[in-house]
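Peer 1: Quick one, what's the 3D model for this:
(one chain, ligands or ions: 1)
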Amino acid sequence: MFKPYLVNFDTRQLPAETYEYVIIGGGIAGLYTACKVAREGGQVLVLTKHTLEDTSTDKAQVGIAAALGQSDSPELHFKDTIFAGAGLCDSKAVEILVNEGVNRVKELIEWGAQFDYYEGELALTREGAHSQRRILHAAGDATGAEIQRALAYQANQIPSLKIYENYFVVDLLVADDICYGVLACDNVNQCFKVFYGRVVILATGGTGQVYEHNTNPEIATGDGIAMAYRAGAEVMDLEFIQFHPTVLCLPGAPFFLISEAVRGEGARLRNCYGEQFMPRYHQLAELAPRDIVVQSTLKEMVRTGSKNVFLDLSPLPAEVIQQRFPNITRTCATYGLDITKDPIPVAPAAHYMMGGVKTNLHGETNIKGLYACGEVACQGVHGANRLASNSLLDGLVFGFRIVKQSMRFLTSYVPSSVEFVCNYLKPPKEIKINGLTHELRAVMNKCAGPVRSCQGLTGALSFFENQADLFLSEAKNIAEMELRNMLLVGQLICEAALMRTESRGAHYREDYPAASERWVKHIILRL
Ligand SMILES: Cc1cc2nc3c(=O)[nH]c(=O)nc-3n(C[C@H](O)[C@H](O)[C@H](O)COP(=O)(O)OP(=O)(O)OC[C@H]3O[C@@H](n4cnc5c(N)ncnc54)[C@H](O)[C@@H]3O)c2cc1C
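Peer 2: Below you'll find the model as predicted:
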């Protein structure tokens, strides 16, 4: 049984600050929501565990989807999202995403985000499972960095919005299913502080770091899911991890994403014999939904006994490659690849968490005063497999809805004063953080990767059970807190994946290879 906190503390002994809104996370979901609230007059504090630009948002390459093209419509965007979601999307949430998304993206442009234009019109690209060109991009393949820049600029203009960087949120302060604030640790001075908020918004991003092979930045250790679960929040769909099919696979190179827009513009996937294999697996070939491209790639790797496949950009003119994908061109060149000539060795890696802290369509969790948006949240909009470039959009759309809902909540809610104490944890244990982190990631890669089985998942769960004692003692430092969060999230992913005895979307069980009608439902876990 997990203890609900990571460290001993007593809020009466700690310095504290009070705000109307405490927002954990400064990516697209947290920063957009913060700007929106503060523009409405709310007093807001944003906490980020590293620097402000250290986010998945900043790394996003391809772009943000919205039905803005001449031949496009929210109805078509809806159909594509539902198709990719493999029977598990919440159709109301998708309707909201595709309809409200158009205005949210226009608002982002009004706020100064500079997307690419072609002949005076917004330039739109295409990715897997999109029936239309509908993805706005910036600086070719550096869309996220431009959005992060524009939002940070906005945030800095608003006096009632404060940002504290390098504050690691350890735990939520929840009593009787009401959230009162957060316990945080100053990453620089290593001291604790309490931030009370009448509204607390989780916007902590994803969980990719629980896998050895992943595309995510270091901050993506699943802290939001772990702290919410410890506090009694419901978490949903955690078995659905999206693996990205084309991640650079070169000894000594990082797991750098080669964006799907490269295939959208005409690149081909080839096996080690140079054969284009995707048409054998799906009528949409390279532009099939991500889960299908991943499974086909893995089959091809096994069939040919190869550790990777290749992405061949030769159908694209060299100047198009350099202009549309400057970031990918530059990064690959660092590792000796001229992508206008050389095929890029690629393999699948963990990329995106479809599940998360369960919310309704207004971002409310089952804990009063606690909201969630962005990758940490799950209202079912992505189902079992996210449609590419829908996640940046999701952060804006559901962040916006939290603003409206929480302002209503604030008018009717008077908080009481509550003290929080945890004094039952034993002194810190000596553990080898790097060694255990490595072990965890290897277990997740092997047992909870793109191909799963009862045997593998059961083995993974016994690994987690063996670590249970750790949670009886205090965490020594932030690195250990992150490791504990990853252990908890890894365990929850494996529990949900073992329960779902079918294959659907990104969740593939080799012992249950077909989808089952019985499983058109969500797995919700709660402490
Ligand atoms: C390489 C890559 C490419 C991608 N490309 C695309 C794309 O083209 N289009 C698309 O739609 N999506 C893309 N995605 C996915 C998308 O970028 C993310 O889903 C999205 O940016 C998540 O935004 P967010 O605001 O929820 O979280 P993030 O942007 O990850 O921000 C998380 C924030 O939470 C903070 N935080 C986390 N834990 C704590 C803690 N304990 N205490 C304090 N602060 C904390 C972090 O410091 C950070 O500020 C990509 C992802 C990656 C990794």
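
Peer 1: The helix or strand encompassing residue 23: partners in the sheet, and parallel or antiparallel?
Peer 2: Using DSSP states H and E, residue 23 sits in strand 16-24. Applying DSSP bridges to the sheet, strand 16-24 is found paired with strand 44-47 (parallel), strand 192-202 (parallel).

Peer 1: I'd like the next helix or strand past it.
Peer 2: Sequence order places helix 28-39 as the next helix or strand after strand 16-24, per DSSP H and E.

Peer 1: Return the list of helices and strands in contact with that next one.
Peer 2: Helix 28-39 sits against strand 16-24, strand 44-47, helix 143-157, strand 161-164, helix 391-411, with contacts defined as 3 or more CB pairs under 8 Å, 6 or more residues apart in numbering; DSSP states H and E. Just so you know, the C-beta spots here come from the backbone N, C-alpha and C atoms, and that holds for glycine as well.

Peer 1: what's the most buried one of these?
Peer 2: strand 44-47 (a mean of 25; mean count of other CB atoms under 10 Å).

Peer 1: For the residue of the stretch 301-450 of the chain found nearest the ligand, the count of nearby residues, please.
Peer 2: In the stretch 301-450 of the chain, no residue comes nearer to the ligand than residue 374, which is 2.3 Å away by CB to the nearest ligand atom. Neighbour count for residue 374, taken as other CB atoms under 10 Å: 32.

Peer 1: which residue sits closest to it, ignoring its sequence neighbours?
Peer 2: Excluding the flanking residues, the one nearest residue 374 by CB to CB, 6 or more residues apart in numbering is residue 29, at 2.6 Å.

Peer 1: Pull the number of nearby residues for that neighbour.
Peer 2: 33.

Peer 1: do the same with the one 3 residues further on
Peer 2: By the criterion of other CB under 10 Å, residue 32 has 30 neighbours.

Peer 1: Find me the pLDDT at it, would you?
Peer 2: Note for residue 32: predicted pLDDT of 98.

Peer 1: quick one: it and residue 399 touch, right?
Peer 2: Yes - using CB atoms under 8 Å, residue 32 is in contact with residue 399, at 4.9 Å.

Peer 1: what's near enough to touch the residue in the stretch 1-150 of the chain that the ligand sits nearest to?
Peer 2: The minimum distance from the stretch 1-150 of the chain to the ligand, using CB to the nearest ligand atom, falls at residue 27 (2.0 Å). By CB atoms under 8 Å, 6 or more residues apart in numbering, the contact set of residue 27 is 55-58, 148, 203, 205, 374-375, 395.

Peer 1: which non-adjacent residue is nearest residue 476?
Peer 2: Closest to residue 476 by CB to CB, 6+ apart is residue 428, at 4.0 Å.

Peer 1: looking at it, the one you found is touching residue 473, isn't it?
Peer 2: Yes - when contacts are counted by CB under 8 Å, residue 428 is listed as touching residue 473 (5.7 Å).

Peer 1: out of these two, which sits in the busier spot?
Peer 2: residue 473 (17 against 14).

Peer 1: Which residue comes closest to the more buried one once chain neighbours are left out?
Peer 2: residue 426 (4.1 Å).

Peer 1: Same check on residue 458?
Peer 2: residue 498 (6.8 Å).

Peer 1: now swap in residue 331 and tell me
Peer 2: Nearest to residue 331 is residue 256, by CB to CB, 6+ apart, at 5.5 Å.

Peer 1: Next, count neighbours for that neighbour.
Peer 2: So residue 256, with other CB under 10 Å, has 21 neighbours.

Peer 1: Could you do the one 5 residues further on as well?
Peer 2: The number of residues packed around residue 261, counting by other CB under 10 Å, is 25.

Peer 1: Now do the same contact list for it.
Peer 2: Residue 261 neighbours (CB under 8 Å, 6+ apart): 61-63, 125-127, 135, 137, 141, 324-325.

Peer 1: and the residue nearest to the spatial centre of the chain, what element?
Peer 2: Nearest to the mean C-alpha position of the chain, counting by CA atoms, centre = their mean, stands residue 206 at 3.2 Å. Counting by DSSP H and E, no helix or strand carries residue 206.

Peer 1: List the residues that contact it.
Peer 2: 56, 216, 220, 222, 352-353, 375-376.

Peer 1: re the thing from before, the residue nearest to residue 458 - how many residues pack around it?
Peer 2: 20.

Peer 1: Just the pLDDT for it.
Peer 2: 98.

Peer 1: what do you get for residue 289?
Peer 2: pLDDT, residue 289: 88.

Peer 1: and it, what does it touch?
Peer 2: Taking CB under 8 Å, 6+ apart, one finds 83-84, 86, 128-129, 385, 387 in contact with residue 289.

Peer 1: Tell me which residues touch the spatially closest residue to it that is not a sequence neighbour, please.
Peer 2: Excluding the flanking residues, the one nearest residue 289 by CB to CB, 6+ apart is residue 129, at 4.2 Å. Taking CB under 8 Å, 6+ apart, we find residue 129 in contact with 80, 83-84, 284, 287-290, 387-388.
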